[in-house]
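**Q** sequence and predicted structure below; questions after.
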Amino acid sequence: MKCFRKMIVCFSLLAGLSLVQTTAYASSSDKDYTISNASWDAGADLAVATWDESQDKTSYKVQLYKGSKKIDSLITVQSPHYDFSKKVANNGVGSYTFTVYPSKGNKTENTLKSSALYVDSNMISTFKKDNNIGQSSSSSSGASGNKASSP
């Protein structure tokens, strides 16, 4: 009988151990939020900031600069691109860059800076025309890819 009780105790312990979680879930340090290739996709009527999406899902923080001056505030977007055409049109001729980093992960290690995009008066005119900037006092819905309110 003592042997039977010992067996039951052993089985109970084994059953209890089998309930212990053995699946390992990735912590944030195991995730890859690395981004790369911050660049401009400057079409005839758009100034779109683009970068390569991180392996693991995250949102991104993007900041526009004219020279060394920040333009507006930091913007949070869900996709790996942002249309800055309206902001560029509203800030005029000059050299523009942007910085971008994933919302998750290490900001210091993952912040990218784009190369410069020089915008001349012809581009500004095109941006304004194609994005209906300055044509009325009512607000427009914005260019595709815009997820923040207009400046």
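**A** Structure's in. What do you need?

**Q** what's the end-to-end length of stretch 59-75?
**A** Distance across stretch 59-75, first residue to last, is 10 Å (C-alpha to C-alpha, to the nearest Å).

**Q** identify the residues contacting it?
**A** Applying C-beta atoms under 8 Å, 6 or more residues apart in numbering, the external contacts of stretch 59-75 come out as 35, 49, 51, 76-78, 80, 82, 84, 87-88, 91-92, 94-103, 107, 147-148, 151. Placement of C-beta: from N, CA and C, glycine included.

**Q** mind listing which of those are in helices?
**A** Secondary structure assignment by DSSP state H places 87-88, 91, 107 of the contacts of stretch 59-75 in helices.

**Q** buried only: go through those residues for me.
**A** Among the ones in helices among the contacts of stretch 59-75, those scoring as buried are 87-88, 91 (criterion: 16 or more other C-beta atoms under 10 Å).

**Q** poorly predicted segments of the chain, please.
**A** Regions of the chain meeting the criterion pLDDT under 70 cover residues 1-29, 44, 130-151.

**Q** now Ser125: how far from Ala89?
**A** Here Ser125 is placed at a distance of 9 Å from Ala89 (C-beta to C-beta, to the nearest Å).

**Q** neighbour count for the two, which is higher?
**A** The residue with the greater number of neighbours, taking Ser125 and Ala89 and applying other C-beta atoms under 10 Å, is Ala89; the counts read 22 against 11.

**Q** element containing the residue nearest to that one when sequence neighbours are not counted?
**A** Nearest residue to Ala89, sequence neighbours excluded (C-beta to C-beta, 6 or more residues apart in numbering): Phe127, at 3.7 Å. When secondary structure is defined by DSSP states H and E, Phe127 falls within helix 121-130.

**Q** quick one: buried residues of that helix?
**A** 123-124, 126-128.

**Q** returning to what we had before: quick check: the residue nearest to Ala89 touching Ser85?
**A** Yes - between Phe127 and Ser85 a contact is recorded at 4.8 Å, counting by C-beta atoms under 8 Å.

**Q** residues that sit against both of the two, list them.
**A** With contacts defined as C-beta under 8 Å, 6+ apart, the residues adjacent to both Phe127 and Ser85 are 45-47.

**Q** no further questions, thank you.
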